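>>> predicted structure and sequence below. I'll ask about it afterward.
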Amino acid sequence: TGTSRPQRMLKAVQKNATKGDPQSVISAIDYYCRHKEWAMNVGDDKGLILDSVLMEVNPSTVLELGTYCGYSTVRIARLMSPGSKLITVEFNPAFAEVARQIIAYAGLQDKVTLVEGSSGDLIPKMKERFGIKYFDFVFLDHWKDSYAPDTKLLEDCGLLKKGTVLLADNVICPGAPEYLKYVRNSPRYESRYYKSNLEYTKAEDGLEKSVFLG
Ligand SMILES: Oc1cc(-c2ccc(F)cc2)cc2cncnc12
Ligand SMILES: [Mg+2]
């Protein structure tokens, strides 16, 4: 069988990026996925929007749902202040294994806790396992039909506080219609859509930013 796409992406990082330099890891992945083989990272176009929303929030605690190879984990963690914490959840063990190595290559392993498992199982354990009171920022980038149930679960577990920002990838492509309906119709959220492109393509996609109002 040979190598997987995530393994080839890791090789490209090890070959073309500088150890301990997160920006070079991001650039190496973007170059590889734009010129060699596409992969489902949030990418450089939507990545710039992610960067700016993240910097605006300057969160102490972040939850990422859907690690994949760790591209957005590196994008987020590189901008987080000293002492802040990112917990990232990945269901697929092969993805998690590559992500650990890419996060470590970027030198960001001290800020990041990667947890393997299903978001639905892990969200109710966040307080007891990781001593998390609230999340200041949540990046949703996993299965699109889990966005809405996981958001409701975060509310029910008391993991959102007034002002918590949810940022959801792929709300157009592949699409998360039930999630959009939920956050756009709920009086508990203030939502806006950031139009962009599906990573490394000309197709439309975008990010939905939703502020929890408490
Ligand atoms: O950013 C993403 C993109 C796509 C995707 C795949 C195939 C296609 F044709 C278009 C889009 C799938 C994803 C699954 N999980 C998280 N993020 C994703
Ligand atoms: Mg995505």
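Received, thanks. Ligands and ions are numbered 1, 2, ... in the order given.

>>> all strands of this structure, in order?
Applying DSSP state E to the chain gives strands spanning 61-65, 85-90, 112-116, 135-140, 160-168, 189-197, 204-212.

>>> could you identify which of the ones you listed is most buried?
strand 61-65 (a mean of 26; mean count of other CB atoms under 10 Å). Bear in mind the C-beta positions are built from the backbone N, C-alpha and C, glycine included.

>>> ok, the residue of the chain found nearest ligand 2 - how many residues close by?
Closest to ligand 2 within the chain is residue 169: 3.7 Å, counting by CB to the ion. For residue 169, the number of neighbouring residues by other CB atoms under 10 Å comes to 31.

>>> please look at it and residue 138 and confirm they touch.
No - using CB atoms under 8 Å, residue 169 makes no contact with residue 138, being 11.5 Å away.

>>> format the strands of the chain as TSV; extra columns: distance to residue 180 and mean pLDDT.
Shown next, in TSV, are the strands of the chain (distance: least, CB to CB, whole Å; pLDDT from 0 to 100):
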stretch	distance to residue 180	mean pLDDT
strand 61-65	16	99
strand 85-90	22	99
strand 112-116	27	98
strand 135-140	12	99
strand 160-168	8	99
strand 189-197	8	98
strand 204-212	6	99
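
>>> and ligand 1, which of the ones you listed is closest to it?
Closest of the strands of the chain to ligand 1 is strand 204-212, at 7.2 Å (criterion: CB to the nearest ligand atom).

>>> which strands and helices sit next to that closest one?
helix 43-57, strand 160-168, helix 177-185, strand 189-197 (3 or more CB pairs under 8 Å, 6 or more residues apart in numbering; DSSP states H and E).

>>> how far does the longest one sit from the chain's center?
Using CA atoms, centre = their mean, to the nearest Å, the mean C-alpha position of helix 43-57 is found 11 Å from that of the whole chain.

>>> go through it and flag the buried ones.
Within helix 43-57, the residues scored as buried using 16 or more other CB atoms under 10 Å are 43, 44, 45, 46, 47, 49, 50, 51, 53, 54, 57.

>>> got a list of what the closest residue to the fourth one other than its chain neighbours touches?
Looking back up the chat, that one is residue 46. Leaving aside its sequence neighbours, residue 46 sits nearest to residue 196 (CB to CB, 6 or more residues apart in numbering; 4.7 Å). Counting by CB atoms under 8 Å, 6 or more residues apart in numbering, residue 196 touches 45, 46, 49, 204, 205, 206, 207.

>>> and if you look at residue 213?
Each residue near residue 213 by CB under 8 Å, 6+ apart is listed here: 162, 187, 188, 189, 190.

>>> equivalent analysis for residue 130, please.
Residue 130 makes contact with 85, 87, 113, according to CB under 8 Å, 6+ apart.
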